[in-house]
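Trainee: Structure, please.
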Amino acid sequence: MKFLLTFCLFLIVGAASAQLTYETLFVDYDSAWQFRNLKIIPIRRKAGAGMMAQNADIVPLNQAMKKGLVTVTERGTTSFENVHWLRFNTHGKSSIYIAGGEIVSGGRQDRMIVRDTILRPMEKDQYVPVMCVEEQRWSDKEKKFAYGSFANPHLRKVLDSTGNQVSIWREVDRQLLAGAFKNKTLAYLSR
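Mentor: Next up is the predicted model:
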């Protein structure tokens, strides 16, 4: 009991000094472990939260897009050649951290990043695997990509467990129906 109280005090002091809040942390209630009367809930930093203080050479995707340190474009012109890949071009000397489950909106369809990736600064194209989170839109005109958000834990769980495009669309559809959201493209992100 004394150890548990000491540990909790350590966490409170650490949280106060590091400004750990719901804005910088993700509390993963869906992945909690339980043993008898003890429940452990994983807590981790959100993409980019506190990373600049730890390593100034790595910039999270949301900040990199905002600052123009990375450009995201379609890989090609047809859905067959590029629906599951996006082209990233870095600008500057910083590496870019892209977290699995982050969503970029625009292009010809909104996409979700498949896995954590670090893009090193280089002049050549770099390709990142993605899944579509907007089933009924494949536009002839490419919109400029923008940072969307993080997919919720349920959608990320489907991504991690199946890696299957149809399963991703089914989960997006399930969430849209459960929330009574209506949009013509079945997009995960509301516009």
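
Trainee: how long is stretch 25-32 end to end?
Mentor: Distance between the two ends of stretch 25-32: 15 Å, counting by C-alpha to C-alpha, to the nearest Å.

Trainee: The residue most central in space within the chain: what's its closest spatial neighbour, skipping adjacent residues?
Mentor: In the chain, the C-alpha nearest the mean C-alpha coordinate belongs to residue 102, at 1.6 Å (C-alpha atoms, centre = their mean). Distance criterion C-beta to C-beta, 6 or more residues apart in numbering; nearest residue to residue 102, sequence neighbours excluded, is residue 113 at 4.7 Å. C-beta: built from backbone N, CA, C; applies to glycine.

Trainee: which residues does the one you found form a beta bridge with?
Mentor: residue 130 (DSSP bridges).

Trainee: quick one, what contacts it?
Mentor: 61, 98, 99, 100, 101, 102, 103, 104, 128, 129, 130 (C-beta atoms under 8 Å, 6 or more residues apart in numbering).

Trainee: Kindly recompute the last result at 6 Å.
Mentor: 98, 100, 102, 130 (C-beta atoms under 6 Å, 6 or more residues apart in numbering).

Trainee: Next up, phi/psi of the residue nearest to the centre of the chain, please.
Mentor: phi -80, psi 150 (degrees, to the nearest 10).

Trainee: For residue 162, see how far away it is.
Mentor: 18 Å (C-beta to C-beta, to the nearest Å).

Trainee: do residue 134 as well
Mentor: Relative to residue 162, and taking C-beta to C-beta, residue 134 is found at 18 Å.

Trainee: Those two: who's more crowded?
Mentor: Just comparing residue 134 and residue 162: by other C-beta atoms under 10 Å the higher neighbour count belongs to residue 134, 24 against 14.

Trainee: Much appreciated, bye for now.
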